[in-house]
Structure formats: structure tokens, C-alpha cells
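Asks: Build me a model from this:
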Amino acid sequence: MNKTLLYSCGFTRNYSCCNHYLTKKFVKCFGAFLLFVILFLSTGLQDAFAQFTITENFKGSTANGVKRGDNATLTSGTLDPVNDGWLRLTSASGNQKGYAYVDKSFPSTLGVLIDFEYKTWRNTADNTYNGADGIGLFLFDATANFALGGYGGSLGYAPITGTTANGLAGGYIGIGIDEFGNFANPTEGRIGGPGPRPNSIVLRGPTTASASTTNPYLAGVTLKDANQVLDITNNTGSTTENQVDYNTVTTTRPTNAQFYRRVQVEITPVPGNLYKITIRWTKTPNGAFTDLLTYTTATAPPAQLKLGFAASTGGGFNNHEIRNLLVTTPGNIRVVKTADKSSLILGASTPLTYTISVVNDTDADLTDVALNDILKDGNGNIIPSASFTINSITYSGFAANTANSTLPTTSPTNTFNAKFNMLKNSTGVITVNGTLNANATMPVGNQFFNTVTVTPSDITDQDLDNNTSTVATAIYPANVDFIVDKAVDKSCVDLTNGNTFTLTVSNIGTSNALGANRRVEVTDVIPTGYTISAINAPNWTVSNTGNTYKFSKSNANLNAGLSYADKISFNLKKVSGTAIDYSNTASVVYYNTSTTPETIEEPAANRNNNSSTVIVYAAPNSGPTVTSPVTYCVGATAAALTATPTGSNTLIWYTSPGGTGSTNAPRPNTSSVGSTTYYVSQTNGTCESSQTPIVVNVVAAVTPGSIAGNQTFCGSGDPVAFTTPTATTGGGGAGTYTYQWQSSTTNVAANFTNITTNGTSAVYDSPVVSTTTYFRRLDRSNGTGCGPTATNVVTVTVNALPVVAAITGTNTVCVGSTTQYSNATSA
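Replies: Numbering: from 1, shown residues only. Next up is the predicted model:
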């Protein structure tokens, strides 16, 4: 049986943006961001069928759709090796501040599941304060103009005296992961709280217009070593605890074995128009989560939300870093993939373990859940077994009756399929142990992309966007390896302003590039029909021959894993005509200038990724073709919305114009009367068209009129025409209705058939009937088609005539006498 599983809690699409990996041959967008989309269920009723999922690992040098401010930075290629970075909100120095927020909205009515990793550490001693201040996570009204709350102990959310009177603009909730403890302190303009609580998790409420009520303290816990989660009121905590931050000074970021924190924040609606907020974490990779704090609020979230982080330092300081952000819906089946290493080095046999967590967050047992796992390079090609070998695949947490025959234990091709059963509200874990082989070659894109997809067979999963998860692992070669990454400000052709390209040169090898007697040269050939302008190449020597431009840097060191801070940028604009797709390629060469002629210093084995191409696409001319409005009767079963794209374009669906798109079409909710507008665009994979609205009207059910005219005959009779004491209403449309009369000679509730002669008017005049007959009318709304809805039943009763026996025989009567005849009715 196929069951449509409505969300038992929870809300969530992914929106897709281009993240340019630093590669020499590869520029395809492999998505760091995917999506947000939401489903609503409030004690049993869904408000909207949609889906969203956002994923951003922050490992690269860009995070499209994420706004950063103040000291927040991405560390890829600067502080960390290329494609192995973090979002660093602050560095470990005094009086730092930084924020980042996802500039895409998502609906809020169902709740949200937020999942991320963080590290808080320092490479300089802070013997006075033992680290400060903390990380703030916040959800805020998407319609508000972004304005941060106070830094310091307010962690970007709450107010702070003298700078921010009312806290984060549109704030709904703020969560403090607080090493120093002032987020719980009712000072500096913060409202409520037990006082300073170092090593605590603290929850504050919505922003208001009043300084006396804004961002009130709601709840918190104090954390102590030995995994103690304590009541915050009676336990003050200590700054020396290794709970929220890592208090051992280290010159390099602590390993996951030394300090690992993964946090989940879940907001779900519960009966009584309430919302439950749960905060949990795990301190070991792929370890079980521990609930830290649960709070129930009557304050409903804004209709559309955005998500952000902030951190600050003062006299005390820490590096505050975020990675592997996931935002999605709870209450469905979803999958998350992780790897035990974020990077690998070619030339040696190195183990790599992937962990797949499949979550059945529903109240239904599932059978035959299908899983596909595949390991690819940046161009989508399966990694050959000569480069990577799967040694073993093991399973835990799945239903006991899972068939072993559908659970492979290894794979020779770096892709495998599995099928398993899951108990309700359970998590199954698949562990894939593999090896990067010593003779492995550099994959296109300089990364492994391992993607898993799950598909349930016996439920209709209303959120498909979190059924897929991808983890990227950076691959670094031995020796020096130069690459050039080319990025473009707009992925669609801009005929008016042109498109600005930015080139970043990196050394992704494991050896430092020496500057003396070495030269790096970048070559870029401008496509015919385009003009170049606004060339900006600080500390590069620029020359050109026709459309071939060369950028040269001499005597410049570039350490292993890092990028030049001196980026190259220029603008390309089409000379004339309409927009068409075009590509632009840059290449890089690392020369030894001490020889004549110059020789290429980079090892030959590391030259297969020395070019980078960006394709700039012409945007679709218009949105897809749609049918609008779409009308449903209240309570009807709605189908997913449809639209027709042009050619091979694909559709992206939105529940709000500025929200997060989804490749999965929403299914309108018909539980209540009203009008909802959805939006759909089409994309060629990079460029997106304008959005086309689809209006979905849910109209009231048809209330049938009444009919009258019960009648009784003996033997047979011609009934008087039936009347309509009350008129038909509802159903929307033009206010007119079609009718179909029906009759039954069986009983008042069954076996009705349509009357084909004169049976489609509001009234009906039946011909002669000779048996008891039941009549009703089906009413349907014109324009919307709502109905048919049956009226009451009119009964025409036909009683049988009495049958009298014949009088027979002779009877003699005298004149003037009286006699009486009688006869019994025959049986």
C-alpha cells in the first residue's frame, strides 16, 4: 500500500548556486547551496506542500547566497588549503566581530531543523578570560531589513547599551553558544537571565520595539566537563571548562579527536498552537546526539524566516568557525553523508571513511527504502577503482527483517545500491570504508564528490530535497601544483553592464613554490565579439597581443595550499547583438626563469588541471508556460503543480518571490478556503528566467439546495414535479450550477443511476411510476467543477392495490327483505 505520509512535525528546498572550485579544467557549478522549502502541519492539517533544504560546507572560497560582514571570512586558500576552509566569524584576537547570514527566505509554519559543525579555539594564550565571547545563531523575519544586534556578550542578537537598542531587526529567536557567559547576563541592555554563565547554551526571544521587552531571556543550561548538562539557575559554570570552546592553546586547529562539536536546533509546532525548540549536540563525529535544552513557546514565527550567525571577541578571544551547515525539514525521511577526512594527498595509500546516516523521522515503519551511492569527480564521472577502492560496507540500526541480499558489503565500481527496512523514528547508519590508492590520479575539479540518494517505496515523501546528500573531499597532489580558478559575478550574460571575471591563482600542491627565479603566468583569451575593460591586476604585469592577455608575477612565493591575495579581474561585454552563451578560459604556468629558455617548473603529472573555463549563459527569455489560476474544492486531493519549460530547461519552484527555490513542484494544500500564489521559473542549469505566478484558489464546497415532493400513490401515479425550497450555494466559480437527477428503486442510500431524459434541470417532473422510487439531485459548480454534491432524497411511495375475490353462486331474496353480501380479500 502506498501511504501519503503527512509531516508529523517539522519544516524545509534547496536553492542552487554556483560554487567555483579551484580547478584548472573544471568550472561546472557543483552547488554548495541547494535549497529551502517547507511543509506545514499544525496538529494534523497541512498549510502548504513544499520543500526546502540548504547545504553549505563553507570549505570553498565562495559561499553564494551568504552575506558576510565585519571580520567574517572564508579561509579557503588563505588560512587553510584550497577547498578545505571554514567560515571564520572572528579570529583569536581582541575586539573582533563578524556575521554571516543566508540571504534566502524560507517558510516557517512547520518548523526547521538546523545542523552545523563549529570549532572555537585559539592559537594565543588568553590567561585572563580563557576565551570569549561566543557564537550566536539566529532566525529572523525575512521581510526585515537586516540590522545586527549588539556584539560583545550580546553575540549579534540581543541589544547592547549605547550601540543597539532593540537587538537584531526582526529577530525571532537567538541561541548563544557562549564560552564567556554574558548572553545570559541581564546587563548592557539585555533583558532577563540568571547572570553570567560561562560555558552555557542560552535561548533568547523575539525582538520588540521596546528596550524593556526585547529579546528576553527564555532558557539555558550550564555545561561542565564530564558531559554534565546542568540547570543554569543554580550552576554558574567556569571559563576553564572544555565544553563550548577548546581551552588548550594550539598553533593549528584542533583535530576532531581533540575537539568536535556538531549542533542541531529543531523547531516544531506542537498541539495548542505552540512551538517546541530543541537544542542538541554531539561531541564525536557521527556520535549520538544529547539533548541540551527544550523550550516551548506560544510565539509563532514570522511567515518567512532567514538564518544567520555572529560572533565576537573582547578582552578575551577565540577563533569562531562554522562548517557543514544544513537547514531542512524534520518529520520525513532524509539522509546526511559525512567523511572522516576533509582532504587527501595523492601519492600514498590513505584510508577514507564515509558515513551515511538515514533518518526515518516519521511515525511509519518503512519497507524497501532504496539507496544509491556514487563517487564522482567534478565532471560527474565515476572515480575509477584504480584511484579509489571501496573495501567494505557495513550497516547498523536498520530493521531486523532487512534482507541481506540487498545490502552489498563492497563494490568494485565506486557506486552501489542498497535496499532496507526502517522502523519508525529511527536512524540507520551505513559505513563505507575505502582507500585512496597510491597510484591515484588527480580528479577533475581536484575533489571527490560522494553523493547518496534515498527513495522510500511505501510512502509519498512530501520533501524530496533532503533525500540527497553530497560530501566533497579535497585532493592535493605532491610537489607544486598551480591552478587558476575563474569566477564570474553574474552567471547570465549582461548586455548592459557586461560580466566581471575574477581569477585566483593557487598552489594546491604539498610543496611551497619558491619565488626567486620563478615566474607565474596566467593567459586569458578574450572571445571574439567581446570587449575587455576595467582590468585590475595589482602586482601583476599585464600585456596583450590581440585578444590574448597575459598576466605575469615574478619572484612571488606561494606556500602549499594557499592562493595569491592579488586577484585578477576584468569586464567582458558583448559588442552588439542579442545574448548568446559564451565561454572564457584562463590557464596558468609556473616557470623557472634561471634557464634559457624558461622551463616549466611544475611537475608534468600536475599539469592536467592548469586551465579553468567559465561558461556564461544567455538567460531564458521568459518564464515557463503555466495554467493559472488552478482551482480546487476545499478538501480535494491536490496534484503537484505543473508548468512547461522551453526545450531542455528545468523548472524551479518557489512559495514566495524572494524565497528559496526547489526542483520539486509544490502540492497545494486544500484544507481551507483561500488563494495562494506560487511561482515557477526555468533554468538552463546556470541562468534562471523570471518567475511566473500560478494562483491556486481553494473554494468552498458546494452546498446543495434542498428538494421536496414526497408523494404516495396506489398502484401507480404521475408525481407532481419536485420543488426546490432552497437554492444551491458555494463552490466558487460563476455562481451557476449544473444538475443531474438520479433515481433508485432499491433503497434510499444506494444504487442511484442518472436519469437521462429531462434529468438535468433544477426541477424534475417524473413520469408515471409504478413502484416505490427514490430521487435525488447532484449539484456541481460551473467554472470550478466543485461537486457533485447530493441533495436530500425525495421518496415517491407506490402502494399495491387490494385484490378482492370474485363473488360466485346464486342467492334468492324475498321481496321486502334485507340481505348483506361480504367477501374476504384474497391472500
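
Asks: Where do the domain boundaries of this protein fall?
Replies: As given by automatic domain parsing, the domain ranges for the chain are 55-260+299-328, 333-476, 482-616, 630-646+654-699, 706-799.

Asks: next one: the last one to chain centre, how far?
Replies: When distances are taken as C-alpha atoms, centre = their mean, to the nearest Å, domain 706-799 is centred 51 Å away from the chain's centroid.

Asks: Quick check on residue 354: phi, psi?
Replies: phi -100, psi 140 (degrees, to the nearest 10).

Asks: residues contacting the nearest residue to it once chain neighbours are set aside?
Replies: Computed as C-beta to C-beta, 6 or more residues apart in numbering, the closest residue to residue 354 that is not its neighbour in sequence is residue 432, at 4.2 Å. Placement of C-beta: from N, CA and C, glycine included. If you count contacts by C-beta atoms under 8 Å, 6 or more residues apart in numbering, residue 432 has them with 353-356, 373, 390, 392-393.

Asks: Tell me the helix or strand right after the helix or strand harbouring residue 370.
Replies: Using DSSP states H and E, residue 370 sits within strand 366-376. Where DSSP H and E defines the elements, the next helix or strand beyond strand 366-376 is strand 388-396.

Asks: And that following strand, what does it pack against?
Replies: Applying 3 or more C-beta pairs under 8 Å, 6 or more residues apart in numbering; DSSP states H and E, one finds that strand 388-396 makes contact with strand 415-422, strand 426-436.

Asks: Relative to the whole chain's centre, how far out is it?
Replies: For strand 388-396, the distance to the chain centre is 28 Å (C-alpha atoms, centre = their mean).

Asks: which element follows the worst-scoring helix or strand of the chain on mean pLDDT toward the C-terminus?
Replies: Each helix and strand of the chain was given a mean pLDDT (mean pLDDT, DSSP states H and E); the minimum falls on strand 3-5 at a mean of 33. Once the chain leaves strand 3-5, the next helix or strand it forms, by DSSP H and E, is strand 54-56.

Asks: Can you spell out which helices and strands pack onto that following strand?
Replies: strand 97-107, strand 319-328.

Asks: picking that back up, tell me how far the residue nearest to residue 354 lies from residue 245.
Replies: Separation of residue 432 from residue 245 (C-beta to C-beta, to the nearest Å): 32 Å.

Asks: ok, back up a step: nearest to residue 702, out of the helices and strands packed on strand 388-396?
Replies: Each of the helices and strands packed on strand 388-396 has some distance to residue 702 by C-beta to C-beta; the shortest is strand 415-422, at 42.1 Å.

Asks: so which strand or helix has the nearest residue to residue 186 once chain neighbours are set aside?
Replies: Among residues not flanking residue 186 along the chain, residue 193 sits closest, at 4.6 Å (C-beta to C-beta, 6+ apart). Per DSSP H and E: residue 193 is located in neither a helix nor a strand.

Asks: So residue 193 sits against residue 217, correct?
Replies: Yes - the pair residue 193 / residue 217 is scored as a contact, 3.9 Å apart, by C-beta atoms under 8 Å.

Asks: Enumerate every residue touching the residue nearest to residue 618 when sequence neighbours are not counted.
Replies: Spatial nearest neighbour of residue 618, chain neighbours left out: residue 579 (3.9 Å); criterion: C-beta to C-beta, 6+ apart. Residue 579 makes contact with 492-493, 495, 618-619, according to C-beta under 8 Å, 6+ apart.

Asks: can you put these in JSON lines and add distance to residue 203, pLDDT and secondary structure?
Replies: As requested, the contacts of residue 579 are arranged in JSON lines below (distance: C-beta to C-beta, whole Å; pLDDT from 0 to 100; DSSP: H, G, I helix; E, B strand; the rest coil):
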{"residue": "492", "distance to residue 203": "42", "pLDDT": "91", "secondary structure": "strand"}
{"residue": "493", "distance to residue 203": "47", "pLDDT": "94", "secondary structure": "coil"}
{"residue": "495", "distance to residue 203": "50", "pLDDT": "94", "secondary structure": "coil"}
{"residue": "618", "distance to residue 203": "48", "pLDDT": "91", "secondary structure": "coil"}
{"residue": "619", "distance to residue 203": "43", "pLDDT": "90", "secondary structure": "coil"}
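
Asks: Adding distance to residue 361 and neighbour count as columns, could you present those in JSON lines?
Replies: Converted to JSON lines, the contacts of residue 579 look like this (distance: C-beta to C-beta, whole Å; neighbours: other C-beta atoms under 10 Å):
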{"residue": "492", "distance to residue 361": "38", "neighbour count": "20"}
{"residue": "493", "distance to residue 361": "43", "neighbour count": "20"}
{"residue": "495", "distance to residue 361": "47", "neighbour count": "14"}
{"residue": "618", "distance to residue 361": "42", "neighbour count": "15"}
{"residue": "619", "distance to residue 361": "38", "neighbour count": "20"}
